[in-house]
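J.: fold the following for me, if possible:
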Amino acid sequence: MNFDIQTMGPRTGEFLFSEANGGRSREAVRINAGAGKLVAGTLLALLTAANAGIATADGGNTGNGTMGAITVGNDALTGTYVLTITEAAADAGTFSLVDPFGAVVGTGTVGVAFSGGGLAFTLADGATDFAVDDVFTIAVNAGIGEWVAYDDDGANDGRRAATGVLYAAVDATEADATGVAIVRDAEVITSKVVGLDAAGIVDLLALGIVTR
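T.: Now for the predicted structure:
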């Protein structure tokens with residue numbers, strides 16, 4: 001079987017010259033949804049911007065209650081959560097919350113503080129009660145603690161500081177993805193680190209990652 005080496009792309013770990021024994025150089029990381037398809041050897045950065053969540057009521061809802069301020073914790077996933085009213089009641093009702101992967105992360109009561117799936121909020125009752133299947137979507141950016149491709153000219157949310165190198169390719173186009181990064185005590189091949197620049201070299205050196 002013949003392979004076109006030029007079109008195969010970077011291979012897993014081929015950027016590594018050496019690493020510490022016992023896997024000490026490696027760390028499991030969560031790549032931020034929307035980061036796209038990242039190849040092995042991509043220079044990474046840890047997001048440090050504040051988490052955020054924005055709720056939108058479906059236009060076909062019967063009830064006119066509103067979502068209060070949303071607290072997004074580091075356990076939240078970047079993507080769209082869906083809240084659905086499952087039982088209607090006068091000045092109340094119950095709902096379920098589904099995460100971006102379609103998993104139910106909790107159930108709650110209208111007018112009562114809810115916490116689950118990394119989110120905390122209160123769905124307030126309105127002048128018109130909610131009906132079964134009324135829906136809110138919650139767009140969540142759970143950036144803190146997640147990783148993206150390094151970009152020294154990007155937003156000032158942490159991505160300007162290189163903090164590791166992706167060991168194997170991941171696809172975080174639609175949702176968060178798990179991966180492995182080299183984050184300390186290693187030697188890497190300069191020409192095989194994707195997105196590396198002079199500032200990135202300095203950042204890596206501070207982590208004990210030497211470019212050769």
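
J.: could you identify the longest strand within the protein?
T.: strand 79-89 (DSSP state E).

J.: and for the nearest residue to Phe136 once chain neighbours are set aside, the neighbour number?
T.: Nearest non-adjacent residue to Phe136, counting by Cβ to Cβ, 6 or more residues apart in numbering: Leu83, 4.3 Å away. Where C-beta positions appear, they are placed from N, C-alpha and C, glycine not excepted. Leu83 has 24 neighbouring residues, counting by other Cβ atoms under 10 Å.

J.: what's the single longest helix in this protein?
T.: helix 198-206 (DSSP state H).

J.: that one - contacts with which helices or strands?
T.: strand 162-166, strand 209-211 (3 or more Cβ pairs under 8 Å, 6 or more residues apart in numbering; DSSP states H and E).

J.: could you identify which of those is most buried?
T.: Most buried of the helices and strands packed on helix 198-206 by mean neighbour count (mean count of other Cβ atoms under 10 Å) is strand 162-166; its value is a mean of 28.

J.: right, and the helix or strand after the helix or strand bottoming out on mean pLDDT in the chain?
T.: Lowest by mean pLDDT, DSSP states H and E among the helices and strands of the chain is helix 5-8, with a mean of 51. Sequence-wise, the next helix or strand downstream of helix 5-8 (DSSP states H and E) is strand 16-19.

J.: what helices and strands are in contact with that following strand?
T.: Packing partners of strand 16-19 (3+ Cβ pairs under 8 Å, 6+ apart): strand 186-188.

J.: and the strand it packs on, how far from the chain's centre?
T.: Centroid separation for strand 186-188 versus its chain: 26 Å, with Cα atoms, centre = their mean, to the nearest Å.
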